[in-house]
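# I'll drop the sequence and a predicted model, then ask my questions.
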Amino acid sequence: MRSERDHHLARLLETFSGPDALPVAARRALTVRVTPCWDLAPPCEGADPAAWFPANLNKAADGVRIVCGLCPVRRSCLATAILDDEHGIWGGTRRGQRLLARARLVNGDDVEDVLAELLAMPMPATEYTVPEPVPVETPSRLRRQPDTSEAEWRAAS
């Protein structure tokens, strides 16, 4: 059962759902960060879909955290989930975390900063319990995830 705080947060975050919630600049910046064909053979392919879409927004299985934590296409998976407003667990994040990210992008926050913080943040126990952010190193010292540069993306288009 959700706490009153989680219920209020869920209602607030849902206002950032839907295809028109993201500004065009944020959509473009996210799209550039999606590696083409990333979804053809992700490590979670063939796994039990119920693990990535827990019933009644319950706690995710530990196996999901491990698979997502070691996934080489996690950044692309996460960017796609933010773009498409997906439900379930994508890129090691829950929908509540991604809706919060969408709110930050609407507010004008830098896409790279938002993605880096989400990738460093632990997965919350339930859908709309958003954990406290983990301090992130300055962008110059962050370990880069496999990603597509804008030039590579344009060449693939």
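Happy to help now that I have it.
# alpha carbons only for contacts and neighbour counts from here, please
Fine.
# any low-confidence regions in this protein?
Where the chain drops to pLDDT under 70, the residues are 1-3, 5-9, 56-58, 126-157.
# would you list every one of the helices in it?
Applying DSSP state H to the chain gives helices spanning 4-13, 24-32, 49-52, 62-69, 74-84, 95-106, 111-120, 150-156.
# measure the residue nearest to the spatial centre of the chain to residue 86 for me?
Residue closest to the average C-alpha location in the chain (CA atoms, centre = their mean): residue 78, at 3.6 Å. Distance, residue 78 to residue 86, using CA to CA, to the nearest Å: 10 Å.
# Quick check: neighbours shared by those two?
With CA atoms under 8 Å, 6 or more residues apart in numbering applied, the contact sets of residue 78 and residue 86 do not overlap.
# returning to what we had before: tell me who's in contact with the residue nearest to the centre of the chain.
The contact partners of residue 78, taken as CA under 8 Å, 6+ apart, are 90-93, 115.
# cutoff 10 Å now
Shown in contact with residue 78 (CA atoms under 10 Å, 6 or more residues apart in numbering): 30, 33-34, 84, 86, 89-94, 98, 115, 118-119.
# Buried ones from the residues you listed, can you make that a ChimeraX selection?
Selection of buried members from the contacts of residue 78 for ChimeraX, criterion 16 or more other CA atoms under 10 Å:
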select :30,33,34,86,89,90,91,92,93,94,98,115,118,119
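# Quickly name whichever of the contacts of residue 78 is closest to residue 50.
Minimum distance to residue 50 across these is 10.2 Å, recorded for residue 89 (CA to CA).
# Next, the closest one: phi, psi?
phi -100, psi 120 (degrees, to the nearest 10).
# Around the residue lying closest to residue 34 once chain neighbours are set aside, how many other residues sit close by?
Spatial nearest neighbour of residue 34, excluding adjacent residues (CA to CA, 6 or more residues apart in numbering): residue 76 at 4.4 Å. For residue 76, the neighbour count with other CA atoms under 10 Å is 27.
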